[in-house]
Structures are given as C-alpha cells and as structure tokens.
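Colleague: how does the following fold in three dimensions:
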Amino acid sequence: MMVNKCTHPVWPGIQPSAGRRVIARGGFKLPAKKSYTLFLPPAWSGRLWGRVGCSFDSSGRGKCATGDCGGSLFCNGAGGTPPATLAEITLTADQDFYDVSLVDGYNLPLSITPSKGTGKCSYAGCVSDLNVICPVGLQVRSRDKQRVVACKSACSAFNSPRASSYAYDDPTSITTCTGANYLLTFCPHH
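Modeller: Model (predicted):
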C-alpha cells in the first residue's frame, strides 16, 4: 500500500526490473492524504519513487518538476529522471529485500514499513527533508527559483564515477523480510 502524507499530490512512478511486468501502468496520481493499494505479483522486483510538481493533459502527456519519466503520466517501464528518492524492492519465494536509496539523489522523504512478516522486518527510510540542507551545487530549484525541490546525488552533479555509492555496499542498508505487506509512505512525518 502507498500512502501520501505530504501536503501536496505525489505521482508515484513504478519501474520493474528487467523481465518483470509493469504494475499500474507505471504511474498514477496520489492526492494528498490518500492511499492506494498496489498488488505486486510474486517474484517481482523494481523501484518506486514519487514525482512532484506534475501537470498532465487529458492524454497523459506533460511534465514533472522532479522524478519525471519521459513526460508521461504512465511511466510504462521507464525510470525517473534523477534526482529522486528510490524505494527498491525484490520479492522472492523465501525472502523479500527492500531499501530506500539515495543513489539517484533525493526529492521526497520516503519510508517502507513492513507488517505481518517474519525475519528482520525493520523500517527502512529517509525521513528528513534533505532539500533544506542541500548544498548549493546540488540543488534543483522550482520554476520560480523560490524553493529547493530536489537534491542531486554528488555523483551525477559532478559526473565523478570515482565517488559513487552503490546500493549493495552496506549490508545493513538492505532489509529482509518474509511474507509481509509493505507500506510505502511519502512524507512519513507530516
């Protein structure tokens, strides 16, 4: 299930890993304070993120200020343009793996909370608003330049492959759980 606790709408984007199927056409609008139940098939893996500042016409064409997936409401397998906070999840027969990653930068606080599972089913998330402390060189500003809407990863901003952070370099950042339901929350502490 996805819950939007932000004070503004979020357009979730969903990108399956290679060979996995597209869920919910890859994207939709989730109004503030609303939730949406997503059914993931067994053995599914992929990434989910929130797009903000979007406007789409009746045919689903448009643009998002952050996390845009090719100017379409339905990402249909396309990834989001960094910077975007990513939730990464892999479901397997005996264990699920999940984490919240800033490898593509940051745009929204995001958390994953498992329920009814067994194993090391801990909370994963990045819940601070990193936009308020984002260094000037990494800031992505709103159209009117008044606010910081996202924070680039240092790797993409400076194009320096030597200083990359990989999702699997820290075993404690990947959480495992078996048979759980997962709650993905945008802006968890609002």
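Colleague: which of the three states applies to the residue nearest in space to the middle of the chain?
Modeller: The C-alpha lying nearest the average C-alpha coordinate of the chain belongs to W49 (C-alpha atoms, centre = their mean; 2.1 Å). Put simply, W49 is strand when judged by DSSP: H, G, I helix; E, B strand; the rest coil.
Colleague: ok, V148 touching Q139?
Modeller: Yes - between V148 and Q139 there is a contact at 4.8 Å, judged by C-beta atoms under 8 Å. No exception for glycine: its C-beta is placed from N, CA and C like everyone else's.
Colleague: rewinding a little: let's verify the nearest residue to the residue nearest to the centre of the chain once chain neighbours are set aside: helix, strand, or coil?
Modeller: The shortest distance from W49 to any non-neighbouring residue, by C-beta to C-beta, 6 or more residues apart in numbering, is to A84 (4.3 Å). Classification of A84 by three-state DSSP places it in coil.
Colleague: the bottom helix or strand of this structure by mean pLDDT?
Modeller: helix 154-158 (a mean of 58; mean pLDDT, DSSP states H and E).
Colleague: now do the SS call for D68.
Modeller: coil.
Colleague: any idea how far P114 is from the nearest residue to it once chain neighbours are set aside?
Modeller: Using C-beta to C-beta, 6+ apart and skipping residues adjacent in sequence, the residue nearest D68 is T81, 4.8 Å away. Separation of T81 from P114 (C-beta to C-beta, to the nearest Å) stands at 29 Å.
Colleague: K145 now?
Modeller: Applying C-beta to C-beta to K145 and P114 gives a distance of 40 Å.
Colleague: ok, the two, which is more surrounded?
Modeller: Using other C-beta atoms under 10 Å as the criterion, K145 and P114 rank with P114 on top: 23 against 7.
Colleague: now for F74: which residues touch it?
Modeller: 25-28, 60 (C-beta atoms under 8 Å, 6 or more residues apart in numbering).
Colleague: give me the mean pLDDT for the helix or strand Y98 falls within.
Modeller: Using DSSP states H and E, Y98 sits within strand 96-101. Mean per-residue pLDDT for strand 96-101: 88.
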